[in-house]
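Peer 1: The following block contains a protein sequence and its predicted model.
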Amino acid sequence: MFHEMNVMHTSSEQFMQHVISLHNGTPVSLFLPDPAESVVPGVAWGRFEEALTPAFWAAQAWMQELAGGEAFGLGDTLAEEVAACLLGGYGAPAEVGLAAYGRVRQAMRSTAVVDVGAIEAMLTMPLNVGDRLVRYRFARQRSRQLGECLARIADIDEAALDDISLRDALTRLPGIGPKTASWVVRNRRASDEVAILDIHIVRACVHMGIFGGGATPASDYVSLESRFIGFCRAAGLRASLLDALMWRTMRSIGPSFAGLRPASNPSSTGGRSKGKTACPEEVARAGTI
């Protein structure tokens with residue numbers, strides 16, 4: 001990616017940020033507002049080369065779209081997607097959840113009915129994750145929840161429900177809260193009407209000032225989701241893509257996140273924010289293009 005700042009010739013001395021990338025060997029451009037301009041009330045765009053600012057996310061999302069966007073969906077049916085998201089939920093690292101789901105999905109595809117006992121047996125056996133064997137946490141609890149979900153999933157008329165109604169219907173299943181239900185809906189429909197507010201998304205939004213420091217999705221999911229989606233719409237971004245991009249980036253940043261100070265509003269004269277500028281190594285480590 002190449003980048004520069006172009007002056008927008010107005011009497012107010014505003015700047016238009018110019019992001020340049022290569023797409024199929026051809027330079028393409030994205031123009032973003034002045035770093036001092038607000039994207040939503042109280043939150044400035046910031047500079048796109050400064051890690052974790054709104055402009056940074058807008059540039060990264062744009063480049064991800066150029067590269068083909070995001071592929072959603074872990075299963076071929078609603079039941080499979082529920083299994084994937086439930087097993088990959090709280091307490092299960094992504095790689096472990098996928099390994100558990102892969103084992104259960106194989107049984108789901110070969111057997112008409114997978115009962116609780118069979119699921120628990122599959123989750124109790126060690127899983128191959130990378131080059132090691134690991135055990136799945138909460139095997140008994142998740143097997144009971146998934147067994148009941150699979151028994152009741154046929155009661156949900158997926159085709160008759162819009163995205164929010166489908167999410168609400170899924171939350172009535174055992175073990176499925178708004179985050180997991182939103183994950184299912186996003187994966188099934190590439191929906192921009194829901195958000196998967198896990199810890200990585202919350203940290204990114206707190207850093208930008210979209211959420212307050214005490215943001216708690218467990219008790220305030222709908223309100224926080226509304227702020228996130230409102231930010232996406234104001235920035236012209238797809239919520240589904242940004243959610244996935246933030247998750248991957250914030251997860252890979254890991255401990256270095258503590259070294260990235262929250263971006264402050266840049267002054268209208270200097271056009272610079274006081275956030276930490278992302279060096280190429282940091283950007284690469286964050287999984288960006």
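Peer 2: Thanks, I have it.
Peer 1: L22 bridge partners, please.
Peer 2: Judged by DSSP bridges, the bridge partners of L22 are P27.
Peer 1: what's the pLDDT at it?
Peer 2: As predicted, L22 sits at a pLDDT of 89.
Peer 1: now do D34
Peer 2: At D34, pLDDT is 97.
Peer 1: ok, and the closest non-adjacent residue to it?
Peer 2: Q14 (4.4 Å; Cβ to Cβ, 6 or more residues apart in numbering). (Each C-beta comes from the backbone N, C-alpha and C, glycine too.)
Peer 1: The one you found: how many residues sit nearby?
Peer 2: 16 (other Cβ atoms under 10 Å).
Peer 1: Quick check, it in contact with E37.
Peer 2: Yes - in this structure Q14 lies within contact range of E37 using Cβ atoms under 8 Å: 7.4 Å.
Peer 1: which residues does T111 contact?
Peer 2: A118 (Cβ atoms under 8 Å, 6 or more residues apart in numbering).
Peer 1: Likewise for V39?
Peer 2: 33, 45, 54, 231, 234-235.
Peer 1: Those, buried ones only, as a PyMOL selection?
Peer 2: Restricted to buried positions by 16 or more other Cβ atoms under 10 Å, the PyMOL selection for those reads:
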select buried, resi 33+45+54+231+235
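Peer 1: ranges for the helices of the chain?
Peer 2: Along the chain, the segments classed as helices by DSSP state H run 54-66, 78-87, 94-110, 116-124, 139-152, 163-170, 178-189, 199-208, 217-235, 239-253, 280-285.
Peer 1: What's the per-residue pLDDT of G91 here?
Peer 2: G91 is given a pLDDT of 79.
Peer 1: How about the one 5 residues further on?
Peer 2: For V96, the model assigns a pLDDT of 95.
Peer 1: isn't it right up against G130?
Peer 2: No - applying Cβ under 8 Å as the test, V96 and G130 come out as separate, 10.1 Å apart.
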